[in-house]
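A.B. asks: I would like to see how this sequence folds:
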Amino acid sequence: MFRLNLKIALRNLWKNKGFSLINIGGLAIGLASCMVLLLYVAYEWSYDKQFTNSDKTYVVYQNAPANGKIFSWAWTPNAMAEEVAAKIPGVKYASHSTYPNGKLISAGEKKINSRVVFADPSFVKILDYKFIKGNPNQVLKGVNTIILTKSFSQKLFGNEDPINKMVKLENQDVLKVEAIIEDVTPNNSIVFECIMPWALFEKRESWAKGKNWGNNMCLTIVQLKNNSFFTSANADMKGIYKRNQKDNTAEALLHPLTKWHLYDDFQNGKSVGGKIEQLKIFLLLAFCILLIACVNFMNLSTARSERRSKEVGIRKAIGSTRKSLIGQFLLESVFITFISTVLAFILIEVSLPYFNNLLNIELKIDYNSMGFWATLLGLMIFTGFIAGSYPALYLSSFEPIKVLKGLKIKTDSSVSIRKVLVVTQFVFAACLIVCTSVIYQQLNYVKNKPIGYDKSNLIQIAVQGKMGDDSKLDLLKTQLLKSGAASDVTFFSKDITENGNNTTDISWDGKNRGESVLFNNRGIGSDFIKTIGTELISGREFLATSKSDSNSVMLNEAAVKMMGLKNPVGAIITWGDTKLTNVGVIKDFVVESAYQKVAPMIFYPSYRDGSSVIIVRLNPNQNISSSLLTIDDLVKKIEPDYPVNRKFVDESFEVKFQNEKLLGTLSNWFGGFAIFISCLGLLGLALFMAEQRKKEISIRKVLGASTANILTLLNKDFIKLVAIANVIAFPLAYIIINKWLSAYEYRISISALPFIIAIGLSVLIAVLTVSVQSLKVAKANPVDALKYE
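C.D. replies: Numbering: from 1, shown residues only. Prediction:
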């Protein structure tokens, strides 16, 4: 019986090649879109879950009240890990480490900038990386040792055994390779190529020694013996700052490592979401695209129902039961789904390189995974049964006497169901058009919003090695200006596009007792205002040729407003125990999130604590390529032992919009696929209507109706369906997109334009889709339809 049903399925597919191609193509696109989205969701969901005890591992967060709200971040004092391990019950291991940062590692003539981490021995016990060589129980206990990843070891030593070989850190410290671990996969929050002992970090950075509860300088991770200890451990963590520093108002909390990547958005000290919201959107999108593809199958299958009605009648007349007919139609549906899945795999393999490049990750199908094949089989059966359920029930319900006599099949209920399905498809399509339009409007609004400085033709060069000396920096600045490649040069304590240091240890006359205000703090060089293209509101800049400004600071507008200073220039500000004089006010400019208001900021002369970057304004009258070559040559002369590390500020600034651009691009692509599949569904309904009304259309043509009259008649019903879909979609889209926008302080107002675009596009798509089939019917010879009457 199975072979017979399979033969009938193949015969029907071959007999209706065009219809089969549309059906298989629609399902294939739906399945491919669904699987690519699910691959991405699975990749993001797998972050930080590779470790044996990842479910018992937590990141220590600090909740610091300031500026009338609570700031949360995963930066803690270096004393945190030791205190947690000793005094919090249920803790198995506690470790502190630096966040991954760039350092020069050299072996012989090979010099490579690498992402490195300084950590204590418990780090590799909590995060149990796979050791290829070396003893995981003995590593990171010395000072001058290093652990390398497999690929980085090969970059330095090729295929030689690296154990006990020597490398240099920053051309200073000689380190012995004590272990090799497998490469850290990209779906980790902590990605690095080398691990070095925390003792080496303290040796290199004198300020990192001792227990300072006021300096949040490292990452602390904790592993519990069992998750039953979590509630009590988290409660004890709350007062850990207060117990060690009486005037410290901050609180600590444990945040699951497995949620660190997806739930990194905190409000009022509690995790409220993060990238997980984006994944929910993509999951919904995947489900809806697959559902639309299934609805298409239903519409296209039932649209050709009259052609199979006699087959059903004959099979019932010779003894087939409704159950066996349902089985036959479901088998056909699953068979078509199987063919569509094969085609979907081809589409996925072709499109994955593009999406990997777009997402800057490496999605791939693990064909060796049993979980993958089980999921695929489940998806195929689900799709086959959902897509084939309605056609199977509908076709098997035909009464043999009526269909064999050639009587008209009652289709009122089926048409209404089909219309509901098409309306549902276009509700989703209209929602997508509105949401995608608003996402792009918001992205463009923030990207084009003034950021307080001119980022074009601005580059920043990392200060490395000998360049850290003030005299070398001043010499380089002079040479850059003299060369003509740069029109202005200044120094900055951090990357100008990244988060940096902050403090609440600022006070001034008029500050309310107990008030906590968080200030971002940065070191700036002379000529800072002119170089970055911002504005000096009042006062003066720091002097270029004198260090007499060592007790001077500058403020931004947000700081002046927060402090309530009427005469900010000359105001005395106390930072810790040091009294400083404010000499100028700088216009607000964006250094952190472009979506939030500029935070209060205090600036100090960069020579006080050293500069991390040199900011260079390229000479607009010179060729950019030749200017960059000149700059690189001058930097190499100052520090020949390091490769030049420079980047354009505008390119770095674009990274801030990465998540929103990703959301917009994927919504655009897969929304487009959903709309295309919806058009196939509309085509199915158009086929059905045209077949049902061909005699009516022929009579109208005989009575003098023109092609335009026929097209208007047929399109009118579909335009009504699309209009109904838009009426339903608009409130839904407004609620969804308004909730999404509420996360941003700087946001657009929702205008009528996205809704006009949605209704215009959906009507245009519907008219074009239906007209393709309607035109064919309208131009047909009426004799063909009426000659048997």
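
A.B. asks: sticking with the spatially most central residue of the chain, tell me its helix or strand.
C.D. replies: In the chain, the residue lying closest to the centroid (C-alpha atoms, centre = their mean) is residue 659, at 3.9 Å. Assigning secondary structure by DSSP states H and E places residue 659 in helix 658-692.

A.B. asks: can you spell out which helices and strands pack onto that helix?
C.D. replies: If contacts are counted by 3 or more C-beta pairs under 8 Å, 6 or more residues apart in numbering; DSSP states H and E, helix 658-692 sits against helix 17-45, helix 276-303, helix 322-359, helix 412-448, helix 707-741, helix 753-778. In short, each C-beta sits where N, CA and C put it, glycine included.

A.B. asks: helices and strands around the first one, which ones?
C.D. replies: It stands for helix 17-45. Under the contact definition 3+ C-beta pairs under 8 Å, 6+ apart, helix 17-45 sits against helix 2-15, helix 276-303, helix 322-359, helix 370-395, helix 658-692.

A.B. asks: repeat that for 7 Å
C.D. replies: Judged by 3 or more C-beta pairs under 7 Å, 6 or more residues apart in numbering; DSSP states H and E, the packing partners of helix 17-45 are helix 276-303, helix 322-359, helix 658-692.

A.B. asks: looking at the ones you listed, which one is packed in the most?
C.D. replies: Among the helices and strands packed on helix 17-45, helix 276-303 has the highest mean neighbour count (mean count of other C-beta atoms under 10 Å), at a mean of 22.

A.B. asks: run the angle between that one and helix 370-395 for me.
C.D. replies: 40 degrees (axes from the mean of the first three to the mean of the last three C-alpha atoms, to 10 degrees).

A.B. asks: from the contact counts, what lies against helix 276-303?
C.D. replies: Looks like helix 276-303 contacts helix 17-45, helix 370-395, helix 412-448, helix 658-692 (3+ C-beta pairs under 7 Å, 6+ apart).

A.B. asks: quick one: closest of those to residue 555.
C.D. replies: Between residue 555 and the helices and strands packed on helix 276-303, the shortest separation by C-beta to C-beta is 25.1 Å, and it involves helix 412-448.

A.B. asks: show me what that closest one is packed against.
C.D. replies: Helices and strands touching helix 412-448, as assessed by 3+ C-beta pairs under 7 Å, 6+ apart, comprise helix 276-303, helix 658-692, helix 707-741, helix 753-778.

A.B. asks: now those helices as JSON lines including distance to residue 698 and mean pLDDT?
C.D. replies: Below are these laid out as JSON lines (distance: least, C-beta to C-beta, whole Å; pLDDT from 0 to 100):
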{"stretch": "helix 276-303", "distance to residue 698": "19", "mean pLDDT": "81"}
{"stretch": "helix 658-692", "distance to residue 698": "11", "mean pLDDT": "78"}
{"stretch": "helix 707-741", "distance to residue 698": "10", "mean pLDDT": "86"}
{"stretch": "helix 753-778", "distance to residue 698": "9", "mean pLDDT": "83"}
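
A.B. asks: to residue 562, which of the ones you listed lies closest?
C.D. replies: Within the helices and strands packed on helix 412-448, the stretch nearest residue 562 is helix 707-741; the backing value is 25.9 Å (C-beta to C-beta).

A.B. asks: for that closest one, list every residue counted as buried.
C.D. replies: 710-711, 713-715, 718, 721-726, 728-730, 733-734, 736-737, 740-741 (16 or more other C-beta atoms under 10 Å).

A.B. asks: reformat the helices and strands packed on helix 276-303 as CSV; add distance to residue 748.
C.D. replies: Output for these, formatted as CSV (distance: least, C-beta to C-beta, whole Å):
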stretch, distance to residue 748
helix 17-45, 27
helix 370-395, 38
helix 412-448, 5
helix 658-692, 12
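
A.B. asks: about what we covered before: any chance of the helices and strands packed on helix 412-448 in CSV with distance to residue 125 as columns?
C.D. replies: Below are the helices and strands packed on helix 412-448 laid out as CSV (distance: least, C-beta to C-beta, whole Å):
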stretch, distance to residue 125
helix 276-303, 29
helix 658-692, 33
helix 707-741, 41
helix 753-778, 52
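
A.B. asks: so which of these gets nearest residue 205?
C.D. replies: Of all the helices and strands packed on helix 412-448, helix 658-692 comes closest under C-beta to C-beta, at 30.6 Å.

A.B. asks: report the angle between that closest one and helix 753-778.
C.D. replies: For helix 658-692 against helix 753-778, the angle by the same axes, to 10 degrees is 30 degrees.

A.B. asks: follow-up on the earlier one: and of the helices and strands packed on helix 412-448, who's closest to residue 23?
C.D. replies: helix 276-303 (5.2 Å).

A.B. asks: got the angle for the closest one vs helix 707-741?
C.D. replies: 160 degrees.

A.B. asks: distance from helix 276-303 to the middle of the chain?
C.D. replies: Mean-position distance between helix 276-303 and its chain equals 22 Å (C-alpha atoms, centre = their mean, to the nearest Å).

A.B. asks: where does the prediction get shaky in this protein?
C.D. replies: Applying pLDDT under 70 to the chain picks out residues 1-19, 302-320, 322, 390-416, 544-547, 684, 688, 691, 778, 781-789.

A.B. asks: at 50 instead, please
C.D. replies: Low-confidence segments of the chain (pLDDT under 50): 412-414.
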